[in-house]
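J.: Structure, please.
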Amino acid sequence: MKIMGFTQKMVLAVMLALGMTAAVQANVAGPAWDKAPNKINDNAALQNGAKIFVNYCLNCHSAAFMRFNRLQDIGLTAEQIKDNLLVTNSKIGETMKAAIDPQQAKAWFGVNPPDLTVISRSRAGAGGTGADYLYSYMRGFYRDETKPTGWNNHIFPNVAMPHALWELQANMSPAKYDETVADLVNYLQWMAEPAQTSRERIGLWVLLFLAGLTFLTWRLNGAYWKDIK
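T.: From the prediction side, this is the model:
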């Protein structure tokens, strides 16, 4: 009985220690990230995300490794890009540069807004994918009058960025706003690797080809050795 009691105590202690460790890790990690809807192959969603990005993000954030004419890959024509997405004096073959002056941005926010070309890839972590982080972050703003911008964020506490989409959120239903954020996030994910869908499609055909070649090689090998004892 003493041995059994000691064992039970040890098991209980280990379970308690593991539970405390998990709690500490959860606290360090911060709030859990929500799963972002995956619409990376939905051109309509990507086009809407591009429009939101140009109108609400490009004022402060650049995408210095993305050219406007690359948006033709998601089904937009050159004329549509010129008429709807070139909000500054940029040319269609130029990269997406922020409208704000970097020195002004640093004076207003304390830091220069980061480039967003590969932001979805750089934010991946233990909480999920970069898309999950961005989806949770853009839906995590709340009013905080103690902050210079009047906003704070559950996912990124004390963030210097204001809530750029607050007007959309105020005028949309929660479901519609979530859908809008999802379109923006999917565009950011696509922008980080525009060739992703082509790469995956080509990769599938390569795997099918290799599977067929393996089968033919196996049958040829059997035919070659069948008469050899």
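J.: Now do the host helix or strand of residue 142: which elements does it pack against?
T.: Under the criterion of DSSP states H and E, residue 142 resides in strand 141-143. Helices and strands touching strand 141-143, as assessed by 3 or more CB pairs under 8 Å, 6 or more residues apart in numbering; DSSP states H and E, comprise strand 151-153. Every residue, glycine included, has its C-beta placed from N, CA and C.
J.: in its sheet, what does the strand it packs on sit against?
T.: Strand pairing for strand 151-153, determined by DSSP bridges: strand 141-143 (antiparallel).
J.: Could I get the contacting residues of the closest residue in space to residue 166 that isn't next to it in sequence?
T.: Of all residues not flanking residue 166 in the chain, residue 141 sits nearest, at 7.2 Å (CB to CB, 6 or more residues apart in numbering). Counting by CB atoms under 8 Å, 6 or more residues apart in numbering, residue 141 makes contact with 151, 152, 153, 163, 166, 169.
J.: From those, pick the one nearest residue 52.
T.: Distance to residue 52, by CB to CB, is smallest for residue 169 among the contacts of residue 141, at 12.2 Å.
J.: in the strand of greatest length in the chain, what's buried?
T.: The single longest strand within the chain, with elements called by DSSP state E, is strand 63-67. Residues 63, 66, 67 are the ones in strand 63-67 that count as buried (16 or more other CB atoms under 10 Å).
J.: Now do the strand holding residue 142: distance to the chain's middle.
T.: Relative to its parent chain, strand 141-143 has a centroid offset of 21 Å by CA atoms, centre = their mean, to the nearest Å.
J.: please begin residue numbering at 25 from this point
T.: That works, and once the first residue is 25, the last one we named lands at strand 165-167.
J.: Report the mean confidence score over it.
T.: When pLDDT is averaged over strand 165-167, the result is 97.
J.: try stretch 199-207
T.: Mean predicted lDDT for stretch 199-207 stands at 98.
J.: what sits up against it?
T.: Under the contact criterion CB under 8 Å, 6+ apart, stretch 199-207 has outside partners 60-61, 63, 69-70, 72-73, 76, 159, 162-163, 189, 192-193, 196.
J.: What are the buried residues along it?
T.: For stretch 199-207, a neighbour-count test (16+ other CB under 10 Å) marks 201, 202, 203, 204, 205, 206, 207 as buried.
J.: what's the angle between the strand or helix carrying the last one and strand 87-91?
T.: Assessed by DSSP H and E, residue 207 sits inside helix 198-216. With axes from the mean of the first three to the mean of the last three CA atoms, to 10 degrees defining the directions, helix 198-216 sits at 80 degrees from strand 87-91.
J.: Next secondary structure element downstream of helix 198-216?
T.: Next in sequence after helix 198-216, counting helices and strands by DSSP H and E, comes helix 220-249.
J.: Show me what that following helix packs onto, helices and strands only.
T.: Using 3+ CB pairs under 8 Å, 6+ apart, no helix or strand is in contact with helix 220-249.
J.: and the angle for that helix with helix 198-216?
T.: If you take the same axes, to 10 degrees, helix 220-249 sits at 60 degrees to helix 198-216.
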